[in-house]
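[1] Structure, please.
(one chain, ligands or ions: 1)
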Amino acid sequence: MFSKILIANRGEIALRVLRACAEMGIATVAVHSTADAEAMHVRLADESMCIGPAAARDSYLNMPAILSAALITGAEAIHPGYGFLSENADFAEMVEAHGLTFIGPTAAQIRTMGDKITAKSTMAALGVPLVPGSAGEVPDLAAAIEVAEAIRYPVLIKAAAGGGGRGMKVAHDAAGLEEAFSLARAEAAAAFGNNAVYIEKYLDRPRHVELQVLGDHFGTVVHLGERDCSLQRRHQKLLEEAGSPGITAEERTALGHIATQALEKFGYRNAGTLEFLYQDGQFAFIEMNTRLQVEHPVSEMVSGIDLVREQIRIAYGERLGYTQDDIHLSGHAIECRITAEDPETFAPSPGLVSMYHAPGGLGVRIDSALYAGYRVPPHYDSLIAKLVVYGRNRPEAIARMRRALDEFVVAGVKTTLPLHRRIMQDPKFIEGDYDIHWLERFVAADHG
Ligand code: ADP
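    As a prediction, this is how the structure comes out:
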């Protein structure tokens, strides 16, 4: 096994990786920006190194600085966490070129799935159903009109290099298409340096259902069931559950079969997530993430499998050592993403955390790098804690989440804790009767 791993990330996910390493007897190297010198991941790692100033492009995205830190400290592998360099094929290549291991898939696999147009055509060729849409890039307005008329309005224009819900525009008719098309292209160019766009049918009430997979170097791919991530605001997830209250065990098995067969043919290795929209009994693939996801803990809770440990074992070249039949999913897990934001306007609220009290007890898990006296920096993502609960069934998990949310105290910065407390009381949520548009209406209704 590796004896030392560098963690190229910060915040809760750096801690998450560090914890897996500690349990495996692997030494850890934390890297940090000047703004994060006092951060928990720096304190808990065996060694740490400053890699640059606060701005992420100069530190957590600074490939030469991170690589130098790995070489100087003698780390043998780099775990990228999520975000930052986790889906950067050039970085993966650079790491491997220096004789180190990138804990993730091959650079080629990252490239294929990183371009959503290539990802969709690859998955379609492997027998995975897609959301109806353009066959590939839509080069101009005339082509966009042709596609939209064929699949019928409303349509969604999406960026090939998209992520984080950016570069997506809905068009309800031909008049709206012209504006949406040019806006989406401009936003894609500005955000990703790539203005390629494609078109999908805009589904009116889908659920976002995604499948967690694990593949090793020997062609074995298994899945750990699905997560429902339909509770979103501006296409960003706020709360996730495993399993989905909207699909049946038979549907899960069927989807798992299609997905694992496709990825076995593809030769996928590492943890990964296939994202689908689910409506009217149909699953349609939208994208694949070739990394650990923010919401991975809910899958860990229902499967008992430590996904980071598996990523490290796979990267080292070990066999998974089990098959689909050995994976038993039980109970229900919910994750609330707690951010340092105003719970009504969602304006970021960085600053000093004057008091911090985390909930505990049976079935409660907190993934957070927060502590009293910590100053939430304004430079990064506003996620400050993931509160995850496990119950033997969904009602038990909801009751536990309510109780844990009530115990949770974070003072000094505004947080989304009040919003999560309200969601847990809502009859529609309790019934599991929601789609990807539900939360926007829930938040808007509360404002009015
Ligand atoms: P990103 O990579 O930017 O997160 P995704 O393709 O994963 O983009 O989509 C993000 C979210 O946008 C989905 O979870 C869903 O809520 C919404 N979405 C994406 N495609 C469609 C579609 N064809 N119809 C309706 N909603 C969609």
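
[2] For the stretch 51-200 of the chain, which residues are neighbours of the ligand?
    131, 156, 162-165, 200 (C-beta under 6 Å from any ligand atom). Yep, even glycine has a C-beta here, placed from its N, CA and C like the rest.

[3] Can I have the buried ones of these as a ChimeraX selection?
    Burial among those is assessed by 16 or more other C-beta atoms under 10 Å; the matching ChimeraX selection reads:
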select :131,156,162,200
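
[4] Any chance of the residues of the stretch 51-200 of the chain next to the ligand in CSV with pLDDT and secondary structure as columns?
    Listed next are those as CSV, based on pLDDT from 0 to 100; DSSP: H, G, I helix; E, B strand; the rest coil:
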residue, pLDDT, secondary structure
V131, 95, coil
L156, 97, strand
G162, 88, coil
G163, 86, coil
G164, 82, coil
G165, 82, coil
E200, 97, strand
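
[5] Report the two of the residues of the stretch 51-200 of the chain next to the ligand separated the most.
    The largest separation in these, counting by C-beta to C-beta, is between V131 and G164 at 18.9 Å.

[6] can you give me the end-to-end distance of stretch 79-94?
    Terminal residues of stretch 79-94 lie 14 Å apart, using C-alpha to C-alpha, to the nearest Å.

[7] Buried ones in that stretch, by neighbour count?
    Neighbour-count burial for stretch 79-94 [16+ other C-beta under 10 Å]: 79-89, 91-94.

[8] Give me the contact list for that stretch.
    Residues outside stretch 79-94 that contact it (C-beta atoms under 8 Å, 6 or more residues apart in numbering): 5-9, 13-14, 16-17, 56, 60-61, 63, 66-67, 102-108, 110-111, 113-114, 163, 289-294, 308, 311-312, 381.

[9] Give me the nearest residue to G74, chain neighbours excluded.
    Among residues not flanking G74 along the chain, K4 sits closest, at 6.0 Å (C-beta to C-beta, 6 or more residues apart in numbering).

[10] what residues are up against that neighbour?
    Taking C-beta under 8 Å, 6+ apart, we find K4 in contact with 26-29, 46, 73-76.

[11] switch to 7 Å and redo it
    Going by C-beta atoms under 7 Å, 6 or more residues apart in numbering, K4 touches 26-27, 29, 73-76.

[12] Any chance of a ChimeraX selection covering the buried ones in those residues?
    Typed into ChimeraX, the next command selects the buried ones out of the contacts of K4 (criterion: 16+ other C-beta under 10 Å):
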select :26,27,29,73,75,76
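
[13] Cross-reference the contacts of K4 with the strands and report the matches.
    Among the contacts of K4, the members found in strands (DSSP state E) are 27, 29.

[14] anything in the worst-scoring helix or strand of the chain on mean pLDDT near the ligand?
    Lowest by mean pLDDT, DSSP states H and E among the helices and strands of the chain is helix 438-447, with a mean of 86. No. On the criterion C-beta under 6 Å from any ligand atom, helix 438-447 is out of touch with the ligand, staying 10.0 Å away.

[15] what does that helix contact?
    230-233, 238, 344, 426, 428.

[16] pLDDT weak spots in this protein?
    446-448 (pLDDT under 70).

[17] Would you map out the domains in it?
    4-103, 132-201, 207-447 (automatic domain parsing).

[18] Can you tell me which of the ones you listed is most buried?
    Per-stretch averages of neighbours, counted by mean count of other C-beta atoms under 10 Å, single out domain 4-103 among the domains of the chain, with a mean of 20.

[19] first vs last residue of it, how far apart are they?
    Taking C-alpha to C-alpha, domain 4-103 runs 12 Å from one end to the other.

[20] just stretch 372-381 next, same as before
    With C-alpha to C-alpha applied, stretch 372-381 spans 19 Å between its terminal residues.

[21] Now do it: distance to the chain's middle.
    Taking C-alpha atoms, centre = their mean, to the nearest Å, one finds the center of stretch 372-381 at 21 Å from the center of the full chain.

[22] now what about it, what contacts it?
    10, 35-36, 54-56, 83, 340, 348, 350-356, 384, 413.

[23] what's across from the residue of the stretch 51-200 of the chain found nearest the ligand in the sheet?
    Going by C-beta to the nearest ligand atom, the ligand is nearest to E200 of the stretch 51-200 of the chain, at 3.8 Å. Counting by DSSP bridges, E200 is bridged to G133, L156.
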